[in-house]
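Chemist: What shape does this take:
(2 chains)
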Amino acid sequence: MRDSSMSPRVLGLAIAAALAFAGTNATAQDAATDGEATPRLADGRPDLNGTWYFGHMTPFGAERVGSASICVVACEEMEQTSSGGGNRRPPPDRPTYKPEHVAKVHDLNARQVEEDPALRCENPGLPRIGAPDKIVQTAGQVVFLYDDLSGNFFRIIPTDGRDHRADAVPSYLGDAVGRWEGDTLVVETVNFNDKTWLTDDGTFHTTDLRVVERISRDGDSLRWEATAYDPAVLAEPWTLRPRTGALSDIELVEAPPCDERDLEVVFDPTTSHDNPR
Amino acid sequence: MSFKFPKVLLLLAGLGLGSSGLTHHSVHGVFNPEAPFSVTGTVTDVDWVNPHVFLHVDVTDEDGNTASWQMETVPAGALRRAGITPEMLMANGQQVTVTGIVAHKEPHMGWVHRITYEDGHFYQLGNPALDRGASQPSVSQE
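Modeler: Predicted coordinates for the structure are as follows:
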């Protein structure tokens, strides 16, 4: 707070003290919040524990109509867009490839129904799996749990300063370590296999992929950001559009079996370009 | 009767969030937006699977012939979040009316818009405005 009656030296100290408590993640101010303070654990770190709901591309909801009817999607007729149809969606969020790799991406994209591992219930990989659905946090590690269309997955992320494992086998979700930068948890993941795509669109990557996530809490909102680095194929690092989730009281349960039945009846494979996660 | 869609849900849609959600592919890649259907029958089973829950509906026509339809709908997580269970979908075998659009390749496979029960209550699980998805270009020409 500014007080015009303060001496410049006292004012400077007051400002410094305020900045020290403000945290480093200024972008968290954009998150939806009810204005409540961010809870902290005994070690002073923001408490990221909880089940977090980040929503979907389609506005799934639970609108009650009368005493027993439920609208999972909008009951009222939605306006058609001026482009001739379809729901309003944000613009595509995709990486940019080096020119020599664009043809391969286009080819995989055109044959998504044949080639996309996520359409065969495989682990979607990172960052395609998106933000964690549940976080369990202790002083020395955080555990990310996922309720994905392909199943339940987890990542155990040490935050005690250790390096990446030297003995890890390349995997779908890689090997992660975390560190705190002020009130932001920064997670670096390496040692991926090359069996996943970055999005729905044929966006392959190499085993040199590195992903850096930044997670911060503001009140009861959680902000998740991710940047993918793969200089062998990407023209530049790809930073995903940030996502914001809300604390949820709907606990995770065992994911239902993944049983994709549409592949045999797809009529127009060129339509399969949505990015659902 | 019109209903206001909760603003918070519209906000989530506008942010383009996505996590363990939606269909892998556009609805109209499998189902024909120009081929709406409305059938009456009974829900005999529910396959609580991802990425889409399936309802098995026995439909009897005016000639007394019964056909078994596979009705496809949203992910199990979306139903669970809305408080809809397999038991609620089956409703003890009471008659239901299902509307939606038919699959291009399978005459007895449908994408559900609404399922309405004998007492008039319903579950809205799809919307014609969402069937076509967003027309997005393939990867940009970089």
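
Chemist: Could you pull out the buried residues of stretch B:43-57?
Modeler: Within stretch B:43-57, the residues scored as buried using 16 or more other Cβ atoms under 10 Å in any protein chain shown are B:43, B:46-47, B:49-57. Where C-beta positions appear, they are placed from N, C-alpha and C, glycine not excepted.

Chemist: Show only the entries of the residues you listed found in strands.
Modeler: Among the buried residues of stretch B:43-57, the members falling in strands (DSSP state E) are B:43, B:46-47, B:54-57.

Chemist: how about those residues in TSV, adding distance to chain A?
Modeler: Shown next, in TSV, are these (distance: Cβ to the nearest Cβ, whole Å):
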residue	distance to chain A
B:V43	16
B:V46	11
B:D47	7
B:F54	7
B:L55	13
B:H56	12
B:V57	16
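
Chemist: and of those residues, the nearest to A:D160?
Modeler: B:D47 (43.9 Å; Cβ to Cβ).

Chemist: circling back to that earlier point, with pLDDT as new columns, can the buried residues of stretch B:43-57 be given to me in CSV?
Modeler: Formatted as CSV, the buried residues of stretch B:43-57 follow (pLDDT from 0 to 100):
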residue, pLDDT
B:V43, 97
B:V46, 98
B:D47, 98
B:V49, 95
B:N50, 93
B:P51, 93
B:H52, 94
B:V53, 96
B:F54, 97
B:L55, 97
B:H56, 97
B:V57, 97
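
Chemist: A:R243: neighbour count?
Modeler: Using other Cβ atoms under 10 Å in any protein chain shown, A:R243 has 21 neighbouring residues.

Chemist: any idea of the pLDDT on it?
Modeler: Here the pLDDT value assigned to A:R243 is 95.

Chemist: Strands of the chain, start to end?
Modeler: Since you didn't name a chain, this refers to chain A. Residue ranges of the strands in chain A, as given by DSSP E, are A:50-53, A:63-65, A:69-71, A:134-137, A:141-148, A:151-158, A:175-181, A:184-190, A:210-218, A:221-229, A:238-239, A:243-248.

Chemist: ah, I was thinking of chain B
Modeler: For chain B, the strands defined by DSSP E cover B:31-47, B:54-60, B:66-72, B:95-103, B:109-117, B:122-124.

Chemist: Distance to A:P39 added to these, as JSON lines?
Modeler: Below are the strands of chain B laid out as JSON lines (distance: least, Cβ to Cβ, whole Å):
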{"stretch": "strand B:31-47", "distance to A:P39": "39"}
{"stretch": "strand B:54-60", "distance to A:P39": "41"}
{"stretch": "strand B:66-72", "distance to A:P39": "41"}
{"stretch": "strand B:95-103", "distance to A:P39": "45"}
{"stretch": "strand B:109-117", "distance to A:P39": "41"}
{"stretch": "strand B:122-124", "distance to A:P39": "37"}
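
Chemist: Ok, which of those comes nearest A:F144?
Modeler: Using Cβ to Cβ, the strands of chain B put strand B:31-47 closest to A:F144, at 28.7 Å.

Chemist: now stretch A:250-267: how far from the chain's centre is it?
Modeler: Centre-to-centre, stretch A:250-267 and its host chain are 20 Å apart (Cα atoms, centre = their mean, to the nearest Å).

Chemist: next one: stretch B:71-80
Modeler: 8 Å.

Chemist: Stretch B:94-106 near chain A anywhere?
Modeler: Yes. Shown here: stretch B:94-106 in contact with chain A (Cβ under 8 Å from any Cβ of the partner chain) through B:103-106.

Chemist: ok, and what's touching that stretch?
Modeler: A:265, A:267-268, B:27, B:30-43, B:55, B:57, B:69-71, B:109-118, B:126, B:128, B:131 (Cβ atoms under 8 Å, 6 or more residues apart in numbering or on different chains).

Chemist: of those, buried ones?
Modeler: For the contacts of stretch B:94-106, a burial check counting by 16+ other Cβ under 10 Å picks out A:265, B:27, B:30-33, B:37, B:39, B:41-43, B:55, B:57, B:69-71, B:109-117, B:126, B:128, B:131.

Chemist: What distance do you get for A:D220 to A:F154?
Modeler: As judged by Cβ to Cβ, to the nearest Å, A:D220 and A:F154 stand 23 Å apart.

Chemist: the more surrounded of the two?
Modeler: Using other Cβ under 10 Å, the more surrounded residue of A:D220 and A:F154 is A:D220, with 19 against 13.

Chemist: which residues does residue 70 contact?
Modeler: All of this is about chain A. Here A:I70 is in contact with A:62-64, B:82-84, B:123-124 (criterion: Cβ under 8 Å, 6+ apart).

Chemist: um, chain B though
Modeler: B:Q70 makes contacts with A:261, B:54-56, B:106, B:108-110, as judged by Cβ under 8 Å, 6+ apart.

Chemist: Would you mind listing the two of these that lie farthest apart?
Modeler: Maximum pairwise distance among those (Cβ to Cβ): 14.6 Å, between B:L55 and B:E106.

Chemist: Let's see if you can find the most crowded of the residues of stretch B:94-106 next to chain A.
Modeler: In these, the most neighbours by other Cβ under 10 Å go to B:A103, 21 neighbours.

Chemist: B:F54 and A:E260, how far apart?
Modeler: Counting by Cβ to Cβ, the gap from B:F54 to A:E260 is 11 Å.

Chemist: Angles on the backbone of the closest residue to B:H121 other than its chain neighbours, please.
Modeler: Distance criterion Cβ to Cβ, 6 or more residues apart in numbering or on different chains; nearest residue to B:H121, sequence neighbours excluded, is A:A68 at 3.7 Å. With angles defined as degrees, to the nearest 10, A:A68 sits at phi -140, psi -10.

Chemist: So what's the residue count around A:A68?
Modeler: 13.

Chemist: Please look at it and B:T116 and confirm they touch.
Modeler: No. Counting by Cβ atoms under 8 Å, A:A68 sits too far from B:T116 to count as a contact (11.1 Å).

Chemist: Show me where chain A has its helices.
Modeler: Per DSSP state H, chain A carries helices over the ranges A:8-22, A:99-110, A:112-115.
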